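S.K.: whatever this is, show me its structure:
(2 chains)
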Amino acid sequence: MIKELRVDDRLIHGQVALTWPGHLGTSHIVVANDAASKNEMQQSALKMSVQGTAKVLVRDVDGAIKLFQNPKAKSIPMFVVVNQVKDAERIYSGLNGQQIERINIANVGRFDGVDKNLKTEINGSILLTTADKDAANKLLNSGANVVHQVIPTDKAEKFSNLLKE
Amino acid sequence: MSNNIILAAFLCGLAEFICYGGDWLLGQNMADQPIVVGPLVGLLLGDLQTGIILGAMLEATFIGAVNVGGAVSLNPSVATVLAVAYAIIGGGDTKAAVALAIPMGLLGGLLEVGTYVLFSLFQDSWTDAADKANEKKLIWLHYGVWFARSLVFFVAVFITVVIGVKPVAAFIKSLPSFVENGLGLTGGLLPAAGFAMLLSMVWEKKLAVWYFLGFILVEYVKLPLLAVGIIGLVFAVVFAFYDKDIFDLKHSKTDTNSNKSASQQEEEDFLS
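M.R.: A predicted model of the protein is given here:
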């Protein structure tokens, strides 16, 4: 069961490792990222950043989807982190929208090296490429619960409202 | 205005510079925490004891106010320097000083965000220097921006102490005594609020029992806090050794299970 599917361009960092697992009541973090799954150095850095507080597993997106379909995984509350909206959409459709309580587009598109002029700036922490925007619309159209909430003490904003503005 | 207050304000500013600047210079080493700042300011102002007492009370208050990433809530070092200055220079009650520290910490947090905005003006110089591989310029920017940013805090604390501490202390003394009493009571409650914030972050079933054990030891057994602290340390050491044994055991297990791929094994460990 996925308590939260978070889109964060830094994957695991302080906000993710320290504030969210306690708030969500989960001690299992899955990083679903194609690049990180092939980069051992990045994997050990990701694991190091949550030393002791939670278990971390790094998989490519398809591997992560397979993991979530494992019957054992269905009973464990998990916190899943991806770094682009596209990947969140892949997981959502890969699971037919099942098991995912909430998708949180928290931070995205600040460090991907794509020219800022080619992106839509939703707010200071969300810059969407056209691919990401399409993915977000696809998620909304299929009825996913999509919000924007950087840390637990922030208010959760409906992502559809942010896109309209 | 006497020279004394100027000197005292300079020392307060210096302490802020050392602690806040020192924290950021050497990899966020926590030098900006009240437990470090309080005694230093106390020492510089000639009243170490008050500095230590306030440092400890404020540490308990601010321990749950963690600034994660760019999300700044409170600045503990500004709050501590000004609270200790209020107690020592202004002769104010230490508990009232704790209550006053909260709004000071909030203003310090605003100042911190302000400096982030201000010094982001150098962003293009950084990128430019990195593009041209200009090592000298990068080093200058690194230490220069650090120095300028810490200097802003030095100046802010200096000015606040010079113009603010004595008038505020005199003002609070001029109010009816129930106001200072009320501030003192609030100040006494704030460390509890600080710990509550910390607990809300780290609370889980496994840890909750320790909370109740601590409560019983203090409230019913009436042990002094030092004794409770040492008991805690003993438990921590015992559990650290157990954890190490378990860790070693797990690792020897994965070595023998070599018929599974590392990736499968990893997945099984994760789901277990």
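S.K.: strands of chain A, residue ranges please.
M.R.: A:2-8, A:28-32, A:55-59, A:78-82, A:103-107, A:120-123, A:126-128, A:146-148, A:157-158 (DSSP state E).
S.K.: tell me the mean pLDDT over the second one?
M.R.: In other words, strand A:28-32. Taken as a whole, strand A:28-32 has an average pLDDT of 94.
S.K.: how about the first one?
M.R.: In this model, strand A:2-8 has a mean pLDDT of 95.
S.K.: what helices and strands are in contact with that strand?
M.R.: Where contact means 3 or more C-beta pairs under 8 Å, 6 or more residues apart in numbering or on different chains; DSSP states H and E, strand A:2-8 is packed against helix A:20-24, strand A:78-82, helix A:85-94, strand A:103-107. (Glycine included, C-beta is placed from N, CA and C.)
S.K.: what about those, which gets the closest to residue A:137?
M.R.: helix A:85-94 (9.5 Å; C-beta to C-beta).
S.K.: pLDDT wise, what is the residue of chain A most remote from its centre at?
M.R.: Checked against the mean C-alpha position of chain A, the extreme residue using C-alpha atoms, centre = their mean is residue A:117, at a distance of 24.1 Å. With respect to pLDDT, residue A:117 has a value of 86.
S.K.: tell me what the longest helix seen in chain B is packed against?
M.R.: What stands out as the longest helix in chain B, according to DSSP state H, is helix B:135-174. Under the contact criterion of 3+ C-beta pairs under 8 Å, 6+ apart, helix B:135-174 touches helix B:3-16, helix B:22-25, helix B:76-88, helix B:94-119, helix B:123-131, helix B:177-202.
S.K.: ok now the third one, how far from the chain's centre?
M.R.: Which is helix B:76-88. 13 Å (C-alpha atoms, centre = their mean, to the nearest Å).
S.K.: can you name every helix or strand that it contacts?
M.R.: Judged by 3+ C-beta pairs under 8 Å, 6+ apart, helix B:76-88 is in contact with helix B:3-16, helix B:34-44, helix B:48-62, helix B:94-119, helix B:135-174.
S.K.: wait, what's in contact with the residue farthest from the centre of chain A?
M.R.: If a contact means C-beta atoms under 8 Å, 6 or more residues apart in numbering or on different chains, then residue A:117 has no contacts.
S.K.: list the residues that contact the closest residue to residue B:23 other than its chain neighbours.
M.R.: Counting by C-beta to C-beta, 6 or more residues apart in numbering or on different chains, residue B:23 lies nearest to residue B:32, which is 4.0 Å off, once chain neighbours are set aside. Neighbour list for residue B:32: B:19-20, B:22-23, B:75-77 [criterion: C-beta under 8 Å, 6+ apart].
S.K.: sketch out the low-pLDDT regions of chain B for me.
M.R.: Residues of chain B meeting the criterion pLDDT under 70: B:1-2, B:67-71, B:253-260.
S.K.: now chain A
M.R.: Residue ranges of chain A with pLDDT under 70: A:165.
S.K.: who in it is up against chain B?
M.R.: Chain A has residues A:13-15, A:18-19, A:22, A:28, A:55, A:57, A:67, A:70, A:72-73, A:76, A:150-151 near chain B, with proximity defined as C-beta under 8 Å from any C-beta of the partner chain.
S.K.: right, and the helices and strands packed on strand A:2-8 - which one's nearest residue B:119?
M.R.: strand A:103-107 (21.2 Å).
S.K.: relative to strand A:2-8, how tilted is the closest one?
M.R.: Here strand A:103-107 runs at an angle of 30 degrees relative to strand A:2-8 (axes from the mean of the first three to the mean of the last three C-alpha atoms, to 10 degrees).
S.K.: elements contacting strand A:103-107?
M.R.: strand A:2-8, helix A:85-94, strand A:146-148.
S.K.: repeat that for 10 Å
M.R.: Using 3 or more C-beta pairs under 10 Å, 6 or more residues apart in numbering or on different chains; DSSP states H and E as the contact test, the elements touching strand A:103-107 are strand A:2-8, strand A:78-82, helix A:85-94, strand A:126-128, helix A:130-141, strand A:146-148, helix A:159-164.
S.K.: out of the residues of chain A next to chain B, which are buried?
M.R.: A:13-15, A:18-19, A:22, A:28, A:55, A:57, A:67, A:73, A:76, A:150-151 (16 or more other C-beta atoms under 10 Å in any protein chain shown).
S.K.: wait, what's in contact with residue 21?
M.R.: Because you didn't say which chain, this covers chain A. By C-beta atoms under 10 Å, 6 or more residues apart in numbering or on different chains, the residues touching residue A:21 are A:3-4, A:27-29, A:50, A:53-55, A:77, A:79, B:201, B:204.
S.K.: meant chain B actually
M.R.: Contacts here follow C-beta under 10 Å, 6+ apart; on that basis residue B:21 touches B:31-32, B:77, B:146-147, B:149-151, B:153-154.
S.K.: isn't residue B:47 up against residue B:55?
M.R.: No - using C-beta atoms under 10 Å, residue B:47 is not in contact with residue B:55; the gap is 11.9 Å.
S.K.: list the buried residues of stretch B:170-188.
M.R.: B:172, B:180, B:183-184, B:186-187.
S.K.: closest to chain A among these?
M.R.: Closest approach to chain A among the buried residues of stretch B:170-188 (C-beta to the nearest C-beta): residue B:186, at 22.1 Å.
S.K.: next, the contact list for that closest one, please.
M.R.: Residue B:186 neighbours (C-beta under 10 Å, 6+ apart): B:95-96, B:98-100, B:102, B:193.
S.K.: just these that are near chain A?
M.R.: Counting by C-beta under 10 Å from any C-beta of the partner chain, nothing from the contacts of residue B:186 sits close to chain A.
S.K.: nearest to chain A among the contacts of residue B:21?
M.R.: Of all those, residue B:32 has the smallest distance to chain A: 16.2 Å, by C-beta to the nearest C-beta.
S.K.: distance of that closest one from residue B:47?
M.R.: Look at residue B:32 and residue B:47: by C-beta to C-beta, to the nearest Å, they are 21 Å apart.
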